[in-house]
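> make a model of this:
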Amino acid sequence: MDLGISGRKAIVCASSRGLGRACATALAQAGCEVVINGRDGKALEATAAEMRQAGAKVATVAADVATPEGQAALLAACPEPDILVNNNAGPPFRDFRQLNRAQMIDGWIANMVVAVELTQKVIDPMIAKKFGRIVNITSGTVKMPLAGLDLSSGARAGLTAFFAGVARSVAASNVTINFLLPGTFDTERLRSNIANNAKNKGIPFDQAQAERMATVPAKRFGTPDEFGAACAFLCSAQAGYITGQNILVDGGAYPGTF
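Model prediction:
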């Protein structure tokens, strides 16, 4: 399918690896000019090199998007994006009793405030152009919270509620705001989590991986490419009638209808 976004300019936050990288790659394959971002400059440039070898137009911004300086650098590289994919790493797994005020504030900034701030900066030019696509990568835990990920779930659920009204207020200008809620995907972060779990349980990695996979109705992990394709579709010309929605991409893990 031609997604109708060839030549559009996109910013994809936290996209040097994992699901962010998959989203950036899918948008580039659809013909977008993409600005990718990450704190690890080496990983960022390696990702950019691979994308350029495939013919993509890519710029890199090595920065932390949670800082004003990082956001300024992103927007200097692409002042008026047509597409914004908000993404950031979540806080580490931790019992809520262990959270102090500074950690909670950092978590809220990283997983809620940053997306709001970037959207504030790009949305009016999108409205003026009568085209804009904003996709917020949150988590399946927004709908199915897990103890230990309370800060991540809370901040991302707050972001979801924050943008619910905003999405409706800009829909008539062909600007959409949607949410992608990933479940368990085959990424470096997941493999690291499984390895830690295996070590804690004293079992082989393969056994821990199989146990985790068995919890997914699809009986497998998602691939980053699948997630990237879902993101690219939400950014497409054809998706202009989808807004304010939470799209689960979790292999059926969420056990509800709504």
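> where do the helices of the protein begin and end?
Per DSSP state H, the chain carries helices over the ranges 18-29, 41-53, 68-77, 101-108, 114-129, 150-170, 188-201, 205-213, 224-234.
> ok, how many other residues are close to residue 7?
Residue neighbour count, defined by other CB atoms under 10 Å, stands at 11 for residue 7. C-betas here are computed from N, CA, C, even on glycine.
> how about the nearest residue to it, chain neighbours excluded?
residue 31 (6.2 Å; CB to CB, 6 or more residues apart in numbering).
> what distance do you get for that neighbour to residue 181?
26 Å (CB to CB, to the nearest Å).
> tell me which of those two has more neighbours.
residue 181 (21 against 16).
> looking at it, that one is touching residue 143, isn't it?
Yes - using CB atoms under 8 Å as the test, residue 181 is close enough to residue 143 to be in contact (6.5 Å).
> where is the longest strand in the protein?
strand 175-182 (DSSP state E).
> dump it to PDB, keeping only the CA atoms.
Taking Å, rounded to 0.1, in the frame of the first residue of the first chain, the C-alpha atoms of strand 175-182 are listed here in PDB:
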ATOM      1  CA  VAL A 175      -4.200  16.300  12.600                       C
ATOM      2  CA  THR A 176      -4.500  13.100  14.400                       C
ATOM      3  CA  ILE A 177      -3.100  12.000  17.800                       C
ATOM      4  CA  ASN A 178      -3.100   8.300  18.600                       C
ATOM      5  CA  PHE A 179      -1.400   5.800  20.900                       C
ATOM      6  CA  LEU A 180       0.400   2.600  20.200                       C
ATOM      7  CA  LEU A 181       0.400   0.200  23.200                       C
ATOM      8  CA  PRO A 182       3.100  -2.500  22.700                       C
END
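> where does residue 54 fall, phi/psi-wise?
phi -90, psi 0 (degrees, to the nearest 10).
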